[in-house]
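Engineer: A predicted structure for the sequence below; I have some questions about it.
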Amino acid sequence: MSLHALIVEPFETLAFMRAALVACLALALMNGAVGTLLVLRRMSLDGEVLGHAVMPGAAVGFLYAGPSPLWLSLGGLASGLAVATLSGLITRAGARRDAGLVAFYLVALSLGVVLVAWRGSNVDVMRVLFGTVLAIDQRALLQIAALSSVIMIAIAALYRPLAVGAFDPAFLRAVGARAPYGAVFSALVVLALVASFQAFGTLLAVGPMLLPAAAARCWGLGAAVSMALAAGFGLAASIVGLLVSYHVDLPSGPVIVLTAGLLFGISLAAVNAVRRLAPTLARGA
Amino acid sequence: MVRLAGGTVECAARRRLAYLPQLSAIDRDYPLSVAELISLGGWREIGAFRAPRSALRQRIAAVAETVGLSGRIERSIGEISVGEFQRALFARLILQDATVILLDEPFAGIDPQTMSVLLDQVTRWHQEGRTVIAVVHDLDLVQARFPSTLVLARRCLAWGATEMALPVMAA
């Protein structure tokens, strides 16, 4: 098989592969920025929980209007924001944070599955859980691109307070920054998950967000460079994942997430090897 | 930062308050250079959106010099020693130009040289007429450098001039 047939032809001949590629590109750019901030804030678990928090709302949207991207997203957005607010309140009330988050995660996931299975089929359940990156139509694509653009612009505009809030939130409060940047960031994460879950489902949406960012973070670069590298990793994982899933006939979403996980493993191993071989070179890593 | 048990606190200088957290409260893996960390002290000037002017950049270099970090300013905060990191946080405090400065265990686990640099700065703040409130466990240090002491052991045991308050601890 020629290289052309291996790499270019699937995208050249099949419209759904092209749509998937464009959607993954938009999501990778946005996920690079959101995921890096999430990793820097040490909020990976929160991301995971919010990912499942999108589920019950999306399920209600599904019950109301069937598999329409708009209603799935609106429902997911509403329940995601509700859980983000609730988990903020729980933390403030002094409950054990990790236990509270995991409780939300399990309840949201089960509730979502029950709701979808109540009126839909097993196929519908699978679709909401794992996404349909190969069935992205024009409207879904526009929605993904629009949401990703809004998130990128918001992060670019609020970059300094978001980055400082990740580093030293007490300082931000002490100098009198009044806007609730923590809550703004949580809302951006929910938006990002809503943008992703069409393609990757509520179970996997956190994968393309966290794994490339975690892989990029291994290399010990500055926050902005790390975001760019994470976007690059995300895109690479998407292209490789789409091609592998096409040629070997495997489900695309999970293969993309697996590829991103592989990049994380390689980054971790490479940085550790460099550190062992040349300790002085890898000081920053 | 702290929740009140009751009552209210009136403070005209609300916006002129600076706070040094405990070292352990800060994530030193965060990708930030020493210069970037210090420049946060200029937040009241640059806020969330403005770019630092050259005057601010000169002041950053000057405060880095004051705490003895001139040669380290481009390093990332993960590369420098604990003492140097504490110096950088002090440089940020100096830049904040606050009238009330809160220091939470500023000398815990700090090397002697850094300690003398930081203590000199505390003395300078005191001479400039600023209020410095520090949490300190080293009683000899309190005796030597701090004029007033509040002795706390779950509740307030004594408050006043250090030579009057400290003996309460021994009793």
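Structural biologist: Yep, it's here.

Engineer: and chain B, what are its domain boundaries?
Structural biologist: Following the assignment in automatic domain parsing, chain B carries domains at B:16-135, B:146-171.

Engineer: return the most buried member of the ones you listed.
Structural biologist: Highest mean neighbour count among the domains of chain B (mean count of other Cβ atoms under 10 Å in any protein chain shown): domain B:16-135, with a mean of 17. (C-beta placed from N, C-alpha, C; glycine too.)

Engineer: tell me how far A:Arg275 lies from A:Ser267.
Structural biologist: Going from A:Arg275 to A:Ser267 by Cβ to Cβ, to the nearest Å gives 12 Å.

Engineer: so which of those two has more stuff around it?
Structural biologist: Ranked by neighbour count (other Cβ atoms under 10 Å in any protein chain shown), A:Arg275 and A:Ser267 place A:Ser267 first, with 20 against 15.

Engineer: quick one: neighbours of the residue lying closest to A:Phe185 once chain neighbours are set aside, just the number.
Structural biologist: Of all residues not flanking A:Phe185 in the chain, A:Leu162 sits nearest, at 5.8 Å (Cβ to Cβ, 6 or more residues apart in numbering or on different chains). For A:Leu162, the count of nearby residues is 24 (other Cβ under 10 Å).

Engineer: touching, A:Leu162 and A:Leu40? I think so.
Structural biologist: No - using Cβ atoms under 8 Å, A:Leu162 makes no contact with A:Leu40, being 9.3 Å away.

Engineer: thinking again about what came up before, and the domains of chain B, which one's lowest on average pLDDT?
Structural biologist: When the domains of chain B are ranked by mean pLDDT, domain B:146-171 comes last with a mean of 83.

Engineer: quick one: that one to chain centroid distance?
Structural biologist: Relative to its chain's centre, domain B:146-171 lies at 21 Å (Cα atoms, centre = their mean, to the nearest Å).

Engineer: ditto for stretch B:45-53
Structural biologist: Here stretch B:45-53 is found 22 Å from its chain centre; the criterion is Cα atoms, centre = their mean.

Engineer: show me the shaky parts of chain A.
Structural biologist: Applying pLDDT under 70 to chain A flags residues A:91-96, A:279-285.

Engineer: give the helix, strand or coil label for the residue nearest in space to the middle of it.
Structural biologist: The structure's chain A has its C-alpha centroid closest to A:Met209; by Cα atoms, centre = their mean the separation is 3.1 Å. At A:Met209 the chain is in helix, as set by DSSP: H, G, I helix; E, B strand; the rest coil.

Engineer: next: B:Val132.
Structural biologist: Per three-state DSSP, the local secondary structure of B:Val132 is strand.

Engineer: so A:Leu38 makes contact with A:Asp46?
Structural biologist: Yes - A:Leu38 lies in contact with A:Asp46 (Cβ under 8 Å); the separation is 7.5 Å.

Engineer: can you give me every residue that contacts the residue nearest to the centre of chain A?
Structural biologist: Neighbouring residues of A:Met209 by Cβ atoms under 8 Å, 6 or more residues apart in numbering or on different chains: A:31, A:34-35, A:38, A:47, A:192-193, A:196.

Engineer: for the stretch 151-285 of chain A, what lies in contact range of chain B?
Structural biologist: Neighbours of chain B within the stretch 151-285 of chain A, by Cβ under 8 Å from any Cβ of the partner chain: A:157-158, A:160-161, A:164, A:166-168, A:170-171, A:173-177, A:179, A:220-223, A:226, A:283-284.

Engineer: neighbour count: A:Leu38 and A:Asp46, which is higher?
Structural biologist: The neighbour count for A:Leu38 versus A:Asp46, taken as other Cβ under 10 Å, is higher for A:Leu38 (27 against 23).

Engineer: pretty sure that one sits in a strand.
Structural biologist: No - looking at A:Leu38 with three-state DSSP, it is helix, so not inside a strand.

Engineer: report the contact partners of it.
Structural biologist: Going by Cβ under 8 Å, 6+ apart, A:Leu38 touches A:44, A:46-47, A:189, A:209-210, A:213.

Engineer: show me what from chain B comes close to chain A.
Structural biologist: Within chain B, the positions near chain A by Cβ under 8 Å from any Cβ are B:1, B:14-15, B:17-19, B:21, B:25-27, B:30-32, B:40, B:43-44, B:48-49, B:76, B:78-79, B:96.

Engineer: those in helices, which ones?
Structural biologist: Of the residues of chain B next to chain A, the ones assigned to helices by DSSP state H are B:43-44, B:96.

Engineer: can you add distance to B:His137 and give these back as CSV?
Structural biologist: Conversion of these to CSV gives the following (distance: Cβ to Cβ, whole Å):
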residue, distance to B:His137
B:Trp43, 30
B:Arg44, 32
B:Gln96, 25
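
Engineer: what's the closest of these to chain A?
Structural biologist: Looking at these and their distance to chain A, the nearest is B:Trp43, at 4.3 Å (Cβ to the nearest Cβ).

Engineer: test my guess that the closest one contacts A:Arg173.
Structural biologist: No - using Cβ under 8 Å as the test, B:Trp43 is too far from A:Arg173 to be in contact (11.3 Å).

Engineer: helix or strand for A:Pro274, which one?
Structural biologist: Pro isn't right for residue A:274; it's Val. Taking DSSP states H and E as the criterion, A:Val274 maps to helix A:252-277.

Engineer: for that helix, packing partners?
Structural biologist: helix A:181-204, helix A:206-217, helix A:223-248 (3 or more Cβ pairs under 8 Å, 6 or more residues apart in numbering or on different chains; DSSP states H and E).

Engineer: in a helix, A:Ala146, correct?
Structural biologist: Yes - under three-state DSSP, A:Ala146 sits within a helix.
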